[in-house]
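Asks: no sequence for this one, just the structure:
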DNA sequence: CAGAGTACGTACCGATCGGTAACATTGTCA
DNA sequence: TGACAATGTTACCGATCGGTACGTACTCTG
């Protein structure tokens, strides 16, 4: 059940330096923001040293890009996961994701979507962070269109964009309002939009 | 028509250092992000020097807070402006704002809402930037509720939150997708939500 | 015209930023 | 035992960060 070749049951921590850096950077970048976190803080909290970081990543920007690719992967898993409970029912799949997001985003301490946050922190289109994040969002838009098509919407692209607005709105409003924020209405609003678009 | 006591018609630039700093900081903070802009860049682009900045503002954080208060004021003006064309018609007022936002947010180079961006750049609830931005957003939420009440919605608070999700979603999606992004659907989605809530 | 404020600039501070060079240490596998 | 890869250690780099001590020029008032 546990990883490879550990002699016996050491539960945490001794993994490769590159992995620990990646995990620590993920947490810090997500929680505190990318620009707010220096490489010094990352390596010290990861229990490694700076040269180890620069042996694994050629620059901070590359580490940021790696973080965002990791984030995108975890996001896709979280987005697709509810599909297992609703095979061949894209509407139920989407609503299941939306309902889970609604709950997460209307609790205190919610930090939104790491990819959305990255676009805002790095408005420069040439920056790798911006590029990775935007590409992920374009994939999400396409995926939503696909689902809206599959659920037989009148104008699937239009509905997909409406849902995307609600979802992105939940990411950011969750951070702004915390507990009891507008994100708690995401589920009913998504249903209302879907119902009005069939 | 022009300001006070200029000897004659000098059209631009010689104003007080504090004002030039405030204006320059506004543009730079908004376009490039707050953390991305150093005080050095602000003063040099404003054509003044650092001590002038620190005579007018006691710290960078205070300048940031001033920027966000300015932003909030301009936002309120932009939000209320369409009301002049639609006295006693909150629905038309709201839709007029929404339609203008929709156009702005689906053009290339759009940078979203400075207040929303600030919440994301400063997740720490104790930071003045976070506090000013959140307070402004709470005011907006209350204003939307008021308008939804006035337009006779079934559940005004619920509708207000739905509209807020769409609006915030447009702010961030505008930055992510640029031209032809989902924000161009804001108008039709807002109408659909309103119609389904009466 | 003297003198006091006011408004601003010159030059600098220590701290931190991202990033690196050189070398010592460890664990692994042959 | 020896070679190799991975990591740690230490000390450092130039640039930039936010912030300030201090001198100077203008203007308003007596």
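Replies: That came through fine. Please read all numbers here as calculations on a predicted model, not as lab measurements.

Asks: Show the contacting residues for residue A:56.
Replies: A:17-18, A:21-22 (CB atoms under 8 Å, 6 or more residues apart in numbering or on different chains). (Glycine included, C-beta is placed from N, CA and C.)

Asks: repeat for residue A:156
Replies: Contacts of residue A:156 by CB under 8 Å, 6+ apart are A:145, A:148-149.

Asks: which one of these is nearest DNA strand D?
Replies: DNA strand D lies nearest to residue A:145 out of the contacts of residue A:156, by CB to the nearest atom of the strand, at 40.8 Å.

Asks: What separation is there between the closest one and residue A:163?
Replies: 10 Å (CB to CB, to the nearest Å).

Asks: Kindly report the same for residue A:56.
Replies: For residue A:56 relative to residue A:163 (CB to CB), the value is 38 Å.

Asks: Name the nearest residue to residue A:189, sequence neighbours excluded.
Replies: residue B:162 (4.1 Å; CB to CB, 6 or more residues apart in numbering or on different chains).

Asks: any idea how far residue A:190 is from DNA strand C?
Replies: 38 Å (CB to the nearest atom of the strand, to the nearest Å).

Asks: So which of residue A:145 and residue A:163 has more stuff around it?
Replies: Neighbour totals were compared for residue A:145 and residue A:163, and residue A:163 leads with 28 against 19 (other CB atoms under 10 Å in any protein chain shown).

Asks: hmm, back to that, adding pLDDT and secondary structure, write the contacts of residue A:156 out as a markdown table.
Replies: Putting the contacts of residue A:156 into a markdown table (pLDDT from 0 to 100; DSSP: H, G, I helix; E, B strand; the rest coil) gives the following:
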| residue | pLDDT | secondary structure |
| --- | --- | --- |
| A:145 | 98 | helix |
| A:148 | 98 | helix |
| A:149 | 97 | helix |
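
Asks: ok, those residues vs DNA strand C, which is closest?
Replies: For the contacts of residue A:156, the closest approach to DNA strand C (CB to the nearest atom of the strand) belongs to residue A:145, at 37.3 Å.

Asks: for the closest one, what are its contacts?
Replies: A:156-157, A:160.

Asks: Pick the one among these closest to DNA strand C.
Replies: Nearest to DNA strand C among the contacts of residue A:145, with distances taken as CB to the nearest atom of the strand, is residue A:160, at 36.7 Å.

Asks: model confidence over whichever strand or helix holds residue A:162, on average?
Replies: Taking DSSP states H and E as the definition, residue A:162 sits inside helix A:156-177. The average pLDDT for helix A:156-177 rounds to 98.

Asks: do stretch A:22-38 as well
Replies: 97.

Asks: Do it and chain B come into contact?
Replies: Yes - shown here: stretch A:22-38 in contact with chain B (CB under 8 Å from any CB of the partner chain) through A:31-33, A:35-36.

Asks: out of the residues you listed, which are buried?
Replies: With neighbours counted by 16 or more other CB atoms under 10 Å in any protein chain shown, those contain buried members at A:33, A:35-36.

Asks: Intersect the residues you listed with the contacts of DNA strand D.
Replies: By CB under 7 Å from any atom of the strand, no member of these lies near DNA strand D.

Asks: Now render the residues you listed as TSV, adding secondary structure and distance to residue B:93.
Replies: Below are those laid out as TSV (DSSP: H, G, I helix; E, B strand; the rest coil; distance: CB to CB, whole Å):
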residue	secondary structure	distance to residue B:93
A:33	coil	35
A:35	coil	37
A:36	coil	38
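
Asks: which one of the residues you listed sits closest to residue B:195?
Replies: Ranked by distance to residue B:195 (CB to CB), these are led by residue A:33 at 38.8 Å.

Asks: got a list of contacts for the host helix or strand of residue A:19?
Replies: Following DSSP H and E, one finds residue A:19 within helix A:17-32. Residues from elsewhere that reach helix A:17-32 (CB under 8 Å, 6+ apart): A:13, A:37, A:41-43, A:45-48, A:52-53, A:55-57, A:63-64, A:66-67, A:70-71, A:111, A:114, A:117, B:123-124.

Asks: Stretch A:90-106 too?
Replies: By CB under 8 Å, 6+ apart, stretch A:90-106 touches A:78-79, A:81-83, A:85-86, A:110, A:112, A:144, A:146-148, A:150-151, A:163, A:166-167, A:170-171, A:173-174, A:177-187, A:190-191, A:194.

Asks: Next: stretch A:174-185.
Replies: A:101-112, A:169-170, A:173, B:116, B:119-120, B:123, B:133-134, B:137-138, B:141, B:158, B:160-162, B:164-165, B:168.

Asks: how long is it end to end?
Replies: Stretch A:174-185 has its terminal residues 11 Å apart, counting by CA to CA, to the nearest Å.

Asks: just stretch A:104-116 next, same as before
Replies: With CA to CA, one end of stretch A:104-116 sits 16 Å from the other.

Asks: and if you look at stretch A:74-91?
Replies: Stretch A:74-91: ends 22 Å apart by CA to CA.

Asks: Report the distance from that stretch to the chain centre.
Replies: Here stretch A:74-91 shows a centroid-to-chain-centroid distance of 15 Å under the convention CA atoms, centre = their mean, to the nearest Å.

Asks: So which bits of it are buried?
Replies: Buried, per 16+ other CB under 10 Å, within stretch A:74-91: A:75, A:79, A:82-83, A:90-91.

Asks: And residue A:140, which helix or strand is it part of?
Replies: Assigning secondary structure by DSSP H and E places residue A:140 in helix A:128-150.

Asks: One more: residue A:188?
Replies: If you go by DSSP H and E, residue A:188 is part of helix A:186-195.

Asks: And that helix, how far out from the chain middle?
Replies: With CA atoms, centre = their mean, you get 22 Å for helix A:186-195.

Asks: And for stretch A:123-130?
Replies: Computed by CA atoms, centre = their mean, the chain-centroid distance of stretch A:123-130 equals 17 Å.
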